[in-house]
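Engineer: coords below, sequence missing:
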């Protein structure tokens, strides 16, 4: 074994920070902490080959401007920039299948802010591969792939994890970056609240005849929102929300019939459309942790808050968690504090709790307001969108929100080093 850090850890010696979860949040946090000299171990339930698969898995992300700054700060952005598509405009409107968008709409143009594009679309497969490769090259990070945690115990000076292989790891703090069904949260006694929406997201990539010009579209249909998100080339990512039973029926159709159902919802503004790659489905729900911290434990990303994709802000909220936690930990260590202490973790929870709860409530409310065909509600929301679109100051505020430029930003999201 030629990795001395890995050798030490497998013998049961300590690391500084233990991160459970090898998706996006875990590796991003690991890279942020490692650049300040922390020794970090990432425990990943999936094998490396699965994480780095080149196939499109349906998932693409709207990476807000401030999240892009974070990725740049940990040395990732240059690796994926050529695979990204700037989001130059966002168009939002009501709609019904076959009728086209409502005349009342919101139009956000990146030219209304000084900082540049509101964000970039990035496919999951490119981002994951870049993160794995960066972890392999970064001193101080150990990536344990194909391992799961079976037990978690808090000790007076730290926390100990037992893995499915029987090995034990110790550190000052464990971070749960292990998704909505977070085992880290369960083992820490952190409860969750939430509910199913009775909706399923049909996700695929569409090739189209005409260029999208970097414009993202959000159509609010009675059954749920349809997002058309620009990818490089004449390709867009589709996140098409339908009631669960309808989505199951659509997903069971052959590709030709599936496209027949999508076309009247999609419209013809991009010309002829065709599927490129496989189709996927994801059930939609809300899942919110009652606490972000417990003794020697912190939660980030979906482990802390899984929200409806209606605003495309789930990943970006997780990025804020990561940047805030990395800053809190780094500053505490520089002051000589114990990074896993109650006082230090309380700072992180105080920083992120309100924003996460507000996002969960906002996405839940938006989905309930827009995912229906009630004539009164349709009239009110169309009026509201029309008002926003006519008021430059209010419109600029929405653009800055979409770009992630509002609120108390951590240093990495301001483009400053930790």
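Structural biologist: Yep, it's here. From a predicted model like this one, the values you see are computed outputs, not experimental measurements.
Engineer: hey, let's count contacts and neighbours off CA atoms from now on
Structural biologist: Will do.
Engineer: Okay, strands next: where are they in the stretch 1-150 of the chain?
Structural biologist: 17-20, 40-44, 60-64, 85-87, 89-96, 100-109, 119-123, 141-145, 149-155 (DSSP state E, counting those that start in this stretch).
Engineer: most centrally placed residue in this protein?
Structural biologist: residue 315 (1.6 Å; Cα atoms, centre = their mean).
Engineer: and that residue, what helix or strand is that in?
Structural biologist: Residue 315 belongs to helix 314-334 when assigned by DSSP states H and E.
Engineer: circling back to that earlier point, roughly how far apart are the residue nearest to the centre of the chain and residue 136?
Structural biologist: Noted for residue 315: a distance of 23 Å to residue 136, by Cα to Cα, to the nearest Å.
Engineer: do the same with residue 291
Structural biologist: Counting by Cα to Cα, the gap from residue 291 to residue 136 is 32 Å.
Engineer: All the helices of the stretch 151-300 of the chain, in order from the start?
Structural biologist: 183-188, 244-251, 255-266 (DSSP state H, counting those that start in this stretch).
Engineer: of all the ones you listed, which lies closest to residue 118?
Structural biologist: helix 255-266 (23.3 Å; Cα to Cα).
Engineer: So what touches the closest one?
Structural biologist: With Cα atoms under 8 Å, 6 or more residues apart in numbering as the test, helix 255-266 has contacts from 96, 97, 98, 99, 100, 226, 250, 251, 273, 274, 275.
Engineer: now that helix against strand 89-96, angle please.
Structural biologist: Interaxial angle, helix 255-266 versus strand 89-96 (axes from the mean of the first three to the mean of the last three Cα atoms, to 10 degrees): 100 degrees.
Engineer: Of all the residues in helix 255-266, which ones are buried?
Structural biologist: 258, 259, 262, 265, 266 (16 or more other Cα atoms under 10 Å).
Engineer: Distance across stretch 330-342, terminal residue to terminal residue?
Structural biologist: Using Cα to Cα, the two ends of stretch 330-342 sit 15 Å apart.
Engineer: who touches that stretch?
Structural biologist: Contacts of stretch 330-342 (Cα under 8 Å, 6+ apart): 33, 36, 158, 172, 173, 295, 296, 297, 329, 344, 345, 418.
Engineer: Can I have the buried ones of the residues you listed as a ChimeraX selection?
Structural biologist: Remark: buried members of the contacts of stretch 330-342, expressed as a ChimeraX selection using 16+ other Cα under 10 Å:
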select :33,158,172,173,295,296,297,329,344,345,418
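Engineer: Filter the contacts of stretch 330-342 down to the ones in strands?
Structural biologist: 158, 173, 297 (DSSP state E).
Engineer: Tell me the one among the residues you listed nearest to residue 63.
Structural biologist: Using Cα to Cα, these come closest to residue 63 at residue 297, 26.8 Å.
Engineer: wait, isn't that closest one in contact with residue 172?
Structural biologist: No - the pair residue 297 and residue 172 does not pass the contact test of Cα atoms under 8 Å, sitting 9.2 Å apart.
Engineer: Let me have the contacts of stretch 330-342 in a markdown table, adding pLDDT and distance to residue 281 as columns.
Structural biologist: Listed next are the contacts of stretch 330-342 as a markdown table, based on pLDDT from 0 to 100; distance: Cα to Cα, whole Å:
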| residue | pLDDT | distance to residue 281 |
| --- | --- | --- |
| 33 | 98 | 34 |
| 36 | 95 | 39 |
| 158 | 93 | 40 |
| 172 | 95 | 38 |
| 173 | 97 | 35 |
| 295 | 97 | 36 |
| 296 | 97 | 36 |
| 297 | 98 | 32 |
| 329 | 98 | 37 |
| 344 | 98 | 39 |
| 345 | 98 | 36 |
| 418 | 94 | 38 |
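Engineer: give me the low-pLDDT residue ranges for the protein?
Structural biologist: 1-14, 56-58, 98, 100-104 (pLDDT under 70).
Engineer: For residue 72, list the residues it contacts.
Structural biologist: residue 78.
Engineer: separation between it and residue 317?
Structural biologist: Counting by Cα to Cα, the separation of residue 72 from residue 317 is 17 Å.
Engineer: Would you quantify the distance from the residue nearest to the centre of the chain to residue 256?
Structural biologist: For residue 315, the distance to residue 256 - Cα to Cα - is 32 Å.
Engineer: before we move on, what about residue 96?
Structural biologist: For residue 96, the distance to residue 256 - Cα to Cα - is 21 Å.
Engineer: Next: residue 386.
Structural biologist: Counting by Cα to Cα, the gap from residue 386 to residue 256 is 36 Å.
Engineer: swap in residue 353?
Structural biologist: In terms of Cα to Cα, residue 353 sits 45 Å off from residue 256.
Engineer: what does residue 202 give?
Structural biologist: Distance of residue 202 to residue 256, given as Cα to Cα: 15 Å.
Engineer: same check, this time on residue 116
Structural biologist: In terms of Cα to Cα, residue 116 sits 39 Å off from residue 256.
Engineer: and the longest helix for this protein?
Structural biologist: helix 342-370 (DSSP state H).
Engineer: ok, and for the helix holding residue 315, which residues are buried?
Structural biologist: Using 16+ other Cα under 10 Å as the test for burial, helix 314-334 gives 314-330, 332-333.
Engineer: could you check the angle strand 60-64 makes with that helix?
Structural biologist: Going by the same axes, to 10 degrees, helix 314-334 makes 50 degrees with strand 60-64.
Engineer: Thank you, goodbye.
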